[in-house]
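Trainee: Have a look at this prediction, sequence included:
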Amino acid sequence: MPAAYRPTSFEDLESVDALVVSSINDLTERHGFGRMASPSAPRFQAFSLQDDPRGLWTAEDDGRPVGFAWSWACEDFWFLAQLFVKPGLQAAGVGRTLLHRTMEHAEAIGARNRALITFAFNTVSQGLYIQHGFLPRFPLYLMSIPRERFGGRIPDRVLEVRPLDGSDAETSLLSELDRLALGFSRAKHHRLLAGEPGIRAFGFNQGGQLVGYCYISQSGHIGPFAVASPELTMAGFETALAVAAEGAVESISCFVPGSNANVLRCAAAAGLHIKLPMLVLSTDELGKWPCYLPRNPGFM
Ligand SMILES: CC(C)(COP(=O)(O)OP(=O)(O)OC[C@H]1O[C@@H](n2cnc3c(N)ncnc32)[C@H](O)[C@@H]1OP(=O)(O)O)[C@@H](O)C(=O)NCCC(=O)NCCS
């Protein structure tokens, strides 16, 4: 058993990222998906730690991290970004204890809804979450297509697109779009993304109005993506695929909610393949994300 459960510090973040990467790869290899994770600069973790350190907990053994839990909150929405235990130390109560610590964060902010994204093939994580009141809502698919298979299948732009400048005025418009798509503002997360290297923000315009946004990374990953109404989702998604394909990318990828039949059909028709099946869970009704595509399972 770990010697201590303690708040995470900035100095922990790199070693904790290595722990998370090894835990993901152990899981995905065991389930036949191969190694899927690689180390990355823990920018969002550092941002969350600065923003509200109550959501980040480390389990430590012999001076080394063996478990990590990380939650963030926006208004009264709480999200579990990561919960990982070192392979070899799993199934001994570490994950449960870390989950309890981070759920105190949810209590402290007076969370009205709590949500997370986990691997659809992990019975252990789902069992643990269901015991704590999280219910499965809908599947989420990581889908992608390599450039050599684009071959005329990627749709053309439908909406007018413009690069976003990260100004305060624009951030408050993005935050209004999040309110429509998700029910809460993510202004602070847009400010973080505006400073991220290798990611570009685009706005969708209609009749001179900003009706949606999407972020596209250098690697061709789309998300987060949001539009003002379900009627705009297909046009926005097709436009995002077109803009991603115009870049010098080796592939296009995105997370598609299985609850969004039109986007799922469009992604399949464009030749995107499912790389990883995931599942969205929440304690209260979450809606079906008809206007939203997350960035990844931690950012949501
Ligand atoms: C998921 C994870 C964090 C859980 O941590 P852990 O320390 O292994 O889990 P714990 O021992 O605290 O608790 C696991 C609980 O799951 C439950 N469980 C296990 N298998 C289950 C199953 N097939 N069905 C239902 N519940 C199950 C058990 O009830 C167990 O609790 P109990 O034995 O005390 O009753 C850890 O296994 C892990 O890192 N897995 C790989 C990465 C991952 O999937 N992380 C989640 C990302 S969101």
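Mentor: Here it is on my side, so go on.

Trainee: Please list the residues of this protein that sit near the ligand.
Mentor: Near the ligand, the residues belonging to the chain are 23, 27, 83-85, 90-96, 116, 118-119, 122-125, 127-128 when assessed by CB under 6 Å from any ligand atom. Quick note: C-beta positions are derived from backbone N, CA and C, even for glycine.

Trainee: The same query, at a cut-off of 8 Å, please.
Mentor: 23-24, 26-27, 67, 80, 82-87, 89-99, 116-119, 122-131, 297 (CB under 8 Å from any ligand atom).

Trainee: Would you quantify the distance from Arg200 to Arg265?
Mentor: Going from Arg200 to Arg265 by CB to CB, to the nearest Å gives 27 Å.

Trainee: Compare these two and say which is more crowded by neighbours.
Mentor: Arg200 (16 against 12; other CB atoms under 10 Å).

Trainee: Which parts of this structure are strands?
Mentor: 4-7, 56-61, 64-74, 77-85, 113-119, 135-146, 160-163, 199-206, 209-217, 221-227, 251-257, 273-282, 292-293 (DSSP state E).

Trainee: Any chance of those strands in CSV with mean pLDDT as columns?
Mentor: Output for the strands of the chain, formatted as CSV (pLDDT from 0 to 100):
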stretch, mean pLDDT
strand 4-7, 97
strand 56-61, 97
strand 64-74, 97
strand 77-85, 98
strand 113-119, 98
strand 135-146, 98
strand 160-163, 97
strand 199-206, 97
strand 209-217, 97
strand 221-227, 98
strand 251-257, 98
strand 273-282, 98
strand 292-293, 98
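
Trainee: so which of the ones you listed gets nearest Asp17?
Mentor: strand 64-74 (8.7 Å; CB to CB).

Trainee: Tell me what angle the closest one forms with strand 56-61.
Mentor: Interaxial angle of strand 64-74 relative to strand 56-61 (axes from the mean of the first three to the mean of the last three CA atoms, to 10 degrees): 170 degrees.
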